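Colleague: What shape does this take:
(chains A and B)
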Amino acid sequence: MKPLVSTFLAAVFLFLLILQPIPAPAQASSPLSPGFYVGWVSFLGRTDFNGNLTVQDVYHHHYLWTGKYQGQGQLMIKINDAGAGGASIVLPTTDSLIDSYELNIPQGSCLFTDITKARSNYVHLRDAPAAMGDTFQVPFKPATALSFTYEESNAFVIGDIVNCDKFAVLTLPVGRTTIQGNLALISAIQFQTKYHSDTEMGGSCSLPGWNQSFTFPPFTTPNVYSLPQCSWRVFKSGQANPQKGWQ
Amino acid sequence: MKTIALEQTQIILIVLLVGLASLACALSQSPALTGASKTTATPQAAAKVPAPAAQTTASPGNSQDEIVQPDPLDHLLALHSIQINLSISRPDGSSSSIQIATDQTGNMDLKFIGSAPDASELPKGFDLKALKTDSELLVVGGKAYLHNDQDPNWMSSPMDDDYPQSFAQELHGMDGPALWLNILPPGSIQPAGQETVGGFVVDKYVVNGKVDNQVISGSLWEDPQTDALIQAELHVPGALLSDPDQPQPGELHIVLKAQKADVPAITLPAAPPATAVPTSAP
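Modeller: Predicted coordinates:
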């Protein structure tokens, strides 16, 4: 029955993981060069949990959950002479979650890994013109355009433990739920302008409500939501194509 | 030696776990709990408006939105009886490719090949051979179905109801040629005669333009009849994919090749018969 404890803890962990509040984003403004800009936005969001649990010095459980949420897309910005404007994004996101569980007992070990991949093609066209400045944001809700593209379970047994593979298959749907829940934390992408000129501008970006770290008993190690990379850069649109072309 | 089995009680708990997760997910998306606003625009609705081979739609008369009107890449994706290969190698050394076959009715067979994940992020003991790095999508009637060896009913549930739209959006990102051609200054694309490539008589253009002192170079070939981009080869400096104060070395290399082809009709395989449910006599 002892392995059941860890299963229950995993459920509690998942519940906490999904129910994080979304703080309201902020806005700021400063003069930017008028024009129409096209460029890119790129981010990598991660969730990392590495937890160990030993029960009665016999049952050793090891959880390793790694989520990667990677967006790479097109960003378009318009600034008018009054300094107002707006931003549009076409931002596909690829998502992957690797959930690994390892049980070590004197009779052997059961290691299984569930891999779930998904992608989201999110589009936001510019709203009514608003003040544009050092900080601006657009809606970004990748959970609303999500489709799952890959699911695989992989079990590895040493010794006399049976049903390890069944356990792996049965927990596979958790990956979908976790990805859906994690992406639901994101409702906007916020842009910080770090540099701008007459021909380009760019800077960093953030996903309000994403970065966090929390622990849940009996684990002492945190589950960490981080954004190791989020940047953007746009260039004034050209008129290069001699055909009907790209404009 | 005593055998340890993960048995029925544990399976029940697993089911409970999944149920709990689903419940948590549903709750987390409730505006009352998350504080999410209902007043924001509905971009998905905008994205789903059908437009002929366009990546998305836009309001008329708005210069910003002109960029999202159909471009030669969209026109290529609208062609039927064609094979397309898009290969990308990125400054970080990763690569990917997409092979697209479109039959005469517009149904598509897409094969995605990507780089293997970083082995250091996989748990010790994981069987790397079990990890697929390719996937195949069948697009029939605009709906995309993911070929899945582990799910015999994969052809019964589409993963995307308007895949051509989604796919066009994806190809207009950093890995596609359109974004980079959009930002080139005037004079960067010069005519270079006519050629026959992939069964098309096309206009060739040489690409050579500077953006922030970085040279984007290459060639592109367009079909004057349909304004479709038939081939393209672009070299984009890695510096343009990074912050100017931290330019990354290397380049993004994009190769797009299309050719006319007699693609056999693309259809979904028949779904397996439903498992018979045994009935008991009264």
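
Colleague: which intervals of the chain have sub-threshold pLDDT?
Modeller: This is for chain A. Residues of chain A that meet the criterion pLDDT under 70 lie in A:1-31, A:238-247.

Colleague: Chain B was what I was after
Modeller: Counting by pLDDT under 70, chain B has low-confidence residues at B:1-68, B:117, B:123-131, B:274-282.

Colleague: those helices in it, which residues are they?
Modeller: B:8-28, B:31-34, B:43-48, B:72-77, B:163-171, B:177-182 (DSSP state H).

Colleague: what about stretch B:144-163, how long is it end to end?
Modeller: End-to-end distance for stretch B:144-163, by CA to CA, to the nearest Å: 6 Å.

Colleague: Now tell me what touches that stretch from outside.
Modeller: For stretch B:144-163, contacts defined as CB atoms under 8 Å, 6 or more residues apart in numbering or on different chains pick out A:121, A:147-152, B:48, B:50, B:108, B:135-139, B:142-143, B:166, B:268-272. The way it works is simple: take the backbone N, C-alpha and C, and place the C-beta from them, glycine included.

Colleague: make it 6 Å
Modeller: A:147, A:149, B:48, B:136-139, B:142-143, B:166, B:268-269, B:271-272 (CB atoms under 6 Å, 6 or more residues apart in numbering or on different chains).

Colleague: What's the PyMOL line that selects buried ones from these?
Modeller: Filtering the contacts of stretch B:144-163 down to the buried ones (16 or more other CB atoms under 10 Å in any protein chain shown) takes a single PyMOL command:
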select buried, (chain A and resi 147+149) or (chain B and resi 48+137+138+139+142+143+166+268)
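
Colleague: Can you name the two of the contacts of stretch B:144-163 that sit furthest apart?
Modeller: B:48 and B:272 (31.0 Å; CB to CB).

Colleague: Let's see stretch B:233-245 as CSV, backbone CA atoms only.
Modeller: Extracted in CSV, the C-alpha atoms of stretch B:233-245 (Å, rounded to 0.1, in the frame of the first residue of the first chain):
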residue,chain,number,x,y,z
GLU,B,233,16.7,29.5,-50.3
LEU,B,234,17.5,32.0,-47.6
HIS,B,235,20.4,32.6,-45.4
VAL,B,236,19.5,34.6,-42.3
PRO,B,237,22.3,35.6,-39.9
GLY,B,238,21.9,34.3,-36.4
ALA,B,239,22.4,37.8,-35.2
LEU,B,240,18.9,38.7,-36.4
LEU,B,241,17.4,36.0,-34.3
SER,B,242,18.9,37.4,-31.1
ASP,B,243,19.3,40.6,-29.2
PRO,B,244,21.7,43.1,-30.9
ASP,B,245,23.9,43.3,-27.9
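
Colleague: Which positions within that stretch qualify as buried?
Modeller: For stretch B:233-245, the neighbour count (16+ other CB under 10 Å) marks B:233-234, B:236-244 as buried.

Colleague: And stretch B:183-190, by the same measure?
Modeller: Those would be B:183-185, B:188-189, for stretch B:183-190 by 16+ other CB under 10 Å.

Colleague: who's in contact with the longest strand along chain B?
Modeller: When chain B is parsed with DSSP state E, its longest strand is strand B:200-211. With contacts defined as CB under 6 Å, 6+ apart, strand B:200-211 is touched by A:235, B:183-185, B:188-195, B:216-224, B:230.

Colleague: how many neighbours does residue A:46 have?
Modeller: 16 (other CB atoms under 10 Å in any protein chain shown).

Colleague: typo on my end, it should be residue A:70
Modeller: Neighbour tally, residue A:70, other CB under 10 Å: 16.

Colleague: Which helix or strand contains it?
Modeller: strand A:59-79 (DSSP states H and E).

Colleague: Number of residues surrounding residue B:259?
Modeller: 14.

Colleague: nearest residue to it other than its sequence neighbours?
Modeller: Nearest in space to residue B:259, with sequence neighbours left out and distances taken as CB to CB, 6 or more residues apart in numbering or on different chains, is residue B:198 at 3.2 Å.

Colleague: got the residues of the stretch 151-282 of chain B near chain A?
Modeller: B:159-160, B:166, B:169-170, B:172-174, B:179, B:181-186, B:188-189, B:211, B:222, B:227, B:243 (CB under 6 Å from any CB of the partner chain).

Colleague: Please repeat the previous calculation with a cut-off of 7 Å.
Modeller: Proximity of the stretch 151-282 of chain B to chain A (CB under 7 Å from any CB of the partner chain) is limited to residues B:159-160, B:166, B:169-170, B:172-175, B:178-179, B:181-189, B:191, B:209, B:211-212, B:222, B:227, B:243-244.

Colleague: Can you tell me the centre-most residue of chain A?
Modeller: Nearest to the mean C-alpha position of chain A, by CA atoms, centre = their mean, lies residue A:69 at 3.6 Å.

Colleague: The closest residue to that one other than its chain neighbours in helix, strand or coil?
Modeller: Closest residue to residue A:69 apart from its sequence neighbours, by CB to CB, 6+ apart: residue A:45 at 4.0 Å. Here residue A:45 is strand, with the state taken from DSSP: H, G, I helix; E, B strand; the rest coil.

Colleague: so what's residue A:45 up against?
Modeller: Applying CB atoms under 7 Å, 6 or more residues apart in numbering or on different chains to residue A:45 gives the contacts A:69, A:207, A:210, A:227.

Colleague: Please report how far it lies from residue A:159.
Modeller: 38 Å (CB to CB, to the nearest Å).

Colleague: do the same with residue A:117
Modeller: Taking CB to CB, one finds residue A:117 at 31 Å from residue A:159.

Colleague: who's more crowded, the two?
Modeller: residue A:117 (21 against 14).

Colleague: Chain A: strands as residue ranges?
Modeller: Counting by DSSP E, the strands of chain A are A:35-55, A:59-79, A:84-105, A:108-124, A:130-131, A:135-139, A:146-159, A:161-162, A:188-196, A:200-206, A:212-214, A:223-236.

Colleague: now swap in the stretch 101-250 of chain B and tell me
Modeller: For the stretch 101-250 of chain B, the strands defined by DSSP state E, counting those that start in this stretch occupy B:108-114, B:134-140, B:143-146, B:189-197, B:200-211, B:214-223, B:228-237.

Colleague: Take the ones you listed and write them to a markdown table, including distance to residue A:131.
Modeller: Shown next, in a markdown table, are the strands of the stretch 101-250 of chain B (distance: least, CB to CB, whole Å):
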| stretch | distance to residue A:131 |
| --- | --- |
| strand B:108-114 | 40 |
| strand B:134-140 | 42 |
| strand B:143-146 | 39 |
| strand B:189-197 | 35 |
| strand B:200-211 | 28 |
| strand B:214-223 | 31 |
| strand B:228-237 | 33 |
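
Colleague: among those strands, which is the most enclosed?
Modeller: strand B:228-237 (a mean of 23; mean count of other CB atoms under 10 Å in any protein chain shown).

Colleague: Could you list every helix and strand that it packs against?
Modeller: Packed against strand B:228-237 by the contact rule (3 or more CB pairs under 7 Å, 6 or more residues apart in numbering or on different chains; DSSP states H and E) you find helix B:72-77, helix B:177-182, strand B:200-211, strand B:214-223, strand B:251-260.

Colleague: by how many degrees do that strand and strand B:200-211 diverge?
Modeller: 30 degrees (axes from the mean of the first three to the mean of the last three CA atoms, to 10 degrees).
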